[in-house]
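Colleague: A structural model of the following input is requested.
(one chain, ligands or ions: 1)
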Amino acid sequence: LAHSHYDVIIIGAGPSGAAAAAMLAQANKKVLVLERQQFPRFSIGESLLPQCMMYLEQAGLRDTVEQHAQELGFQFKDGAAFYRGGEHTVFDFREKSSTGPGTTFQVKREKFDQLLIQQAAAYGAEVQHGMQVEQVALQDDGKHCVKLRNLADDAQLELTCAFLLDASGFGRVLPRLLDLEYPSDFPVRQAAFCHVKTELEHPTFDRNKILITVHPTNPEIWYWLIPFADGTASLGVVGSERFFADDDNAKAALWRKVQDEPYLLEVLGDCDVVRDEQIITGYSANVKQLHGKGYALLGNAGEFLDPVFSSGVTIALKSAIMAVPLVLRELNGETVDWQQEFSSPLRKGIDTFRTYVKGWYDCSFQDVIFYPHQQATIKQMICSILAGYAWDLQNPFVRESERRLKVVTELCQES
Ligand code: FAD
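Modeller: Numbers count the residues shown, from 1 in each chain. Predicted coordinates:
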């Protein structure tokens, strides 16, 4: 470790931690990222949204992503395709109503996350792997104490910082240590997934789009198929825990459900599993507050909703983009209203996604997505949401998401 005191310590080197580190280093702050795992390391969350390209740009990370996309096998992505028992809908993100990028990538996160954190280090952030944060003592004098363990030799260390950013994802370090946990308003769902090698030559399949298919008889169960550029793809199924009660392992949970979905089986064709099946349960989480004196929570360390619209990395990056300018002002001695300037506007976008996630599971939004005669302007606005533009208040489907979804659902269900 280069110092014993830092301006900012960031817990976790995922996308939110890397973006915050990159921005703080470019502002010449003494910033340390503590990451317990050695990189490259696997993470789920492989399909990005176009909106996040803007956030990567604001963090100074977009160029490196675009320059390395081909070499690292990032798959070009320009939309989302949906399939439900014979109904097929395609959203091309370039046809969205919001201004901003209309394309992005599907990425193996071990490569993507490593690229981002390496670029943050190139900007001057100190990044230490194999360092697990275990305790924090928040002080009023602007010197928070962070206790960590060096996992290589089990040594315990203590550092201080003026500001602490928790970007620990599902590690949820500060929510656990500061008693900030708050139950999610979503039921406990489960995802089973793996990587497969497959040609994906089905005539209706477009490898530039994520494919989301719905279980033929149970619309609460859905599947993702996310192709990568190297001939492999991520395959997953999501549903309430109770639908997996008879499956005693990850393999059974995934493949029993995939066997139920004939179109997905057709698209998959002959495939070999190249990364073993795995299960994650109960990933939806919330917190009582996203900030406190001298600290803030980024990305999944704050709230995580649901994987269905691939919003996780976009929200994670957005939280970093919003927090860092406020951290800089606070380090500069200014008083910042974190509720007004961070929590409320960040939550506005998260709440937009929440409306549509809820609508997906109660089928109202599914009926809108699959409605074959959608008005072009409405489709463009919905396309904006699906492309991640959940903070674009010019879009009525953002501004008044619940009311708009209700109205458009009625129109689609009546006709
Ligand atoms: P993470 O990427 O989780 O990074 C946190 C880091 O903190 C980790 O590297 C971890 O090792 C480290 N850490 C944890 N505890 C400690 C500690 N005590 N000390 C030091 N380091 C620590 N999002 C999308 O955008 N697209 C998708 O297609 C998508 N699909 C998903 C599918 C499923 C089934 C699930 C559950 C999620 C999905 N997500 C998706 C969400 C996405 O995975 C996350 O939102 C995203 O990774 C959050 O980034 P982050 O920076 O907050 O945290």
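Colleague: Going by C-alpha atoms from here, please, whenever you check contacts or count neighbours.
Modeller: Fine.
Colleague: Check the burial of the closest residue in space to Leu305 that isn't next to it in sequence by counting its neighbours.
Modeller: Nearest residue to Leu305, sequence neighbours excluded (CA to CA, 6 or more residues apart in numbering): Ser284, at 5.1 Å. Other residues within reach of Ser284, judged by other CA atoms under 10 Å, total 20.
Colleague: Now do the phi/psi pair for Ser284.
Modeller: Torsion angles at Ser284 (phi, psi; degrees, to the nearest 10) stand at phi -70, psi 130.
Colleague: my guess is it meets Ser184, correct?
Modeller: Yes - counting by CA atoms under 8 Å, Ser284 touches Ser184, with 5.9 Å between them.
Colleague: any common contacting residues for these two?
Modeller: Residues within reach of Ser284 and of Ser184 at once, by CA atoms under 8 Å, 6 or more residues apart in numbering, are Leu305.
Colleague: nearest residue to Phe205 other than its sequence neighbours?
Modeller: Distances taken as CA to CA, 6+ apart put Val267 closest to Phe205, at 6.9 Å, once the chain neighbours are dropped.
Colleague: Within range of the ligand, give me the residues from the stretch 51-200 of the chain.
Modeller: 131-134, 167-171, 173, 191 (CA under 6 Å from any ligand atom).
Colleague: Contact residues of the stretch 251-400 of the chain facing the ligand?
Modeller: Selection of the stretch 251-400 of the chain residues close to the ligand by CA under 6 Å from any ligand atom yields 283, 299-301, 307, 310-314, 316.
Colleague: Now do the helices in this protein.
Modeller: With DSSP state H as the criterion, the chain has helices at 15-26, 51-58, 62-68, 109-122, 173-177, 250-259, 262-268, 312-331, 338, 344-361, 364-370, 376-386, 396-399, 401-414.
Colleague: Those into JSON lines, with extra columns for mean pLDDT and distance to His5?
Modeller: Formatted as JSON lines, the helices of the chain follow (pLDDT from 0 to 100; distance: least, CA to CA, whole Å):
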{"stretch": "helix 15-26", "mean pLDDT": "99", "distance to His5": "15"}
{"stretch": "helix 51-58", "mean pLDDT": "98", "distance to His5": "27"}
{"stretch": "helix 62-68", "mean pLDDT": "98", "distance to His5": "30"}
{"stretch": "helix 109-122", "mean pLDDT": "98", "distance to His5": "18"}
{"stretch": "helix 173-177", "mean pLDDT": "98", "distance to His5": "19"}
{"stretch": "helix 250-259", "mean pLDDT": "96", "distance to His5": "44"}
{"stretch": "helix 262-268", "mean pLDDT": "97", "distance to His5": "52"}
{"stretch": "helix 312-331", "mean pLDDT": "98", "distance to His5": "14"}
{"stretch": "helix 338", "mean pLDDT": "98", "distance to His5": "24"}
{"stretch": "helix 344-361", "mean pLDDT": "98", "distance to His5": "29"}
{"stretch": "helix 364-370", "mean pLDDT": "97", "distance to His5": "49"}
{"stretch": "helix 376-386", "mean pLDDT": "98", "distance to His5": "42"}
{"stretch": "helix 396-399", "mean pLDDT": "98", "distance to His5": "42"}
{"stretch": "helix 401-414", "mean pLDDT": "95", "distance to His5": "44"}
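Colleague: Okay, now the sheet partners of the strand ranked longest in the chain, with direction.
Modeller: Longest strand in the chain by number of residues, with DSSP state E as the criterion: strand 155-166. As defined by DSSP bridges, the strand partners of strand 155-166 come to strand 5-11 (parallel), strand 144-150 (antiparallel), strand 295-297 (parallel).
Colleague: returning to that earlier point: report the contact partners of the residue nearest to Phe205.
Modeller: 200-202, 205.
Colleague: one more time with 10 Å
Modeller: By CA atoms under 10 Å, 6 or more residues apart in numbering, the contact set of Val267 is 198-205, 211, 225.
Colleague: Columns neighbour count and pLDDT on top of the residues you listed, output as JSON lines?
Modeller: What follows is the contacts of Val267, written out as JSON lines (neighbours: other CA atoms under 10 Å; pLDDT from 0 to 100):
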{"residue": "Thr198", "neighbour count": "18", "pLDDT": "95"}
{"residue": "Glu199", "neighbour count": "15", "pLDDT": "93"}
{"residue": "Leu200", "neighbour count": "20", "pLDDT": "95"}
{"residue": "Glu201", "neighbour count": "13", "pLDDT": "94"}
{"residue": "His202", "neighbour count": "12", "pLDDT": "96"}
{"residue": "Pro203", "neighbour count": "7", "pLDDT": "95"}
{"residue": "Thr204", "neighbour count": "10", "pLDDT": "95"}
{"residue": "Phe205", "neighbour count": "14", "pLDDT": "97"}
{"residue": "Leu211", "neighbour count": "22", "pLDDT": "98"}
{"residue": "Leu225", "neighbour count": "24", "pLDDT": "98"}
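Colleague: any idea which of these is closest to Phe42?
Modeller: Using CA to CA, Leu225 comes nearest to Phe42 of the contacts of Val267, at 17.5 Å.
Colleague: check contacts around the closest one.
Modeller: Neighbour list for Leu225: 47, 81, 193, 195-196, 207, 209-213, 233-237, 264, 267-268 [criterion: CA under 10 Å, 6+ apart].
Colleague: cool, Phe397 as well?
Modeller: Phe397 makes contacts with 352, 355-356, 378, 381-382, 384-385, 390, 403-405, 408, as judged by CA under 10 Å, 6+ apart.
Colleague: Let me have the residues you listed in JSON lines, adding neighbour count as columns.
Modeller: Below are those laid out as JSON lines (neighbours: other CA atoms under 10 Å):
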{"residue": "Thr352", "neighbour count": "21"}
{"residue": "Thr355", "neighbour count": "18"}
{"residue": "Tyr356", "neighbour count": "24"}
{"residue": "Ile378", "neighbour count": "16"}
{"residue": "Met381", "neighbour count": "21"}
{"residue": "Ile382", "neighbour count": "26"}
{"residue": "Ser384", "neighbour count": "29"}
{"residue": "Ile385", "neighbour count": "29"}
{"residue": "Ala390", "neighbour count": "26"}
{"residue": "Arg403", "neighbour count": "13"}
{"residue": "Arg404", "neighbour count": "14"}
{"residue": "Leu405", "neighbour count": "21"}
{"residue": "Val408", "neighbour count": "18"}
